[in-house]
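Asker: Quick one: sequence plus predicted model below, questions after.
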Amino acid sequence: MSKEETLEEVIARRNKQILRLFTMHGYEVRLVGDDQKPSVVLNEMVVLSCYAKNFDLHFTKEPFSSEIVKSFKLKDDSDVSDLELQEAIELSTHRPVYKIKLTGTDMFLVGYNYLNSEDGIGRYPVFAKHKPKVYFDREYAAKLAEGLCNDKYPIEIV
C-alpha cells in the first residue's frame, strides 16, 4: 500500500482484482456484502466458499471452514489457468443463494424505496431484472417473502 493510497482504495483495487480473476476465465460473478469481506456470488446461484485476505484469494473446503484447498495471488498479470480456477471451484462445497422473484416475471427484489426516506416511512419494494438481493438463509428469505405476500405482491423464492 503506497502512502497516497487509502484503505478504501486498496480494498476497491483488491475487489476489482477478484472480479477480474473470475471474468477473465469466463465466470459471471459479483461481490455482495461488506467490501472488506465480500461474498462472491457465482451465476446468481451460489456463494463461493472463498475469502480474500490482503491480495490472496483462498478457497475453503466448505462454507465457514478454515481448511484451505487452493489459494491464488490477486495481481494484474494473473498466471492462473482456467483449469486451476475450475479445480478450486470444484474442490469446494458452496452455499446456495435465494432470491425473491415477482411471480410470472423475470423481475427480482433489488431493494426498497421509501415515501419519506429520512424517517423510513412508507417502505415499498423495488423489482428489477438485474442484481437481485441475495439471501444466504432460506428461512430469512421466506420471512421477507411472507411480508411481501401480505402486502399483496405475488412473489416466489428461487
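Answerer: On my side now, so go ahead.

Asker: The closest residue to V29 other than its chain neighbours: neighbour count?
Answerer: Setting aside the residues directly before and after it, V29 is nearest to F22 in space (C-beta to C-beta, 6 or more residues apart in numbering), at 4.4 Å. From N, CA and C alone the C-beta is placed, and that goes for glycine too. Neighbour count of F22, defined by other C-beta atoms under 10 Å: 19.

Asker: And the pLDDT for F22?
Answerer: Among the per-residue scores, F22 holds a pLDDT of 96.

Asker: And for the one 3 residues further on?
Answerer: According to the predicted model, the pLDDT of H25 comes to 94.

Asker: mind checking how far E62 is from Y51?
Answerer: As judged by C-beta to C-beta, to the nearest Å, E62 and Y51 stand 13 Å apart.

Asker: In terms of neighbours, single out the busier of those two.
Answerer: Remark: of E62 and Y51, Y51 carries more neighbours, 16 against 12, as counted by other C-beta under 10 Å.

Asker: you'd agree the more buried one is up against D34?
Answerer: No: between Y51 and D34 there is no contact, the gap being 11.2 Å when judged by C-beta atoms under 8 Å.
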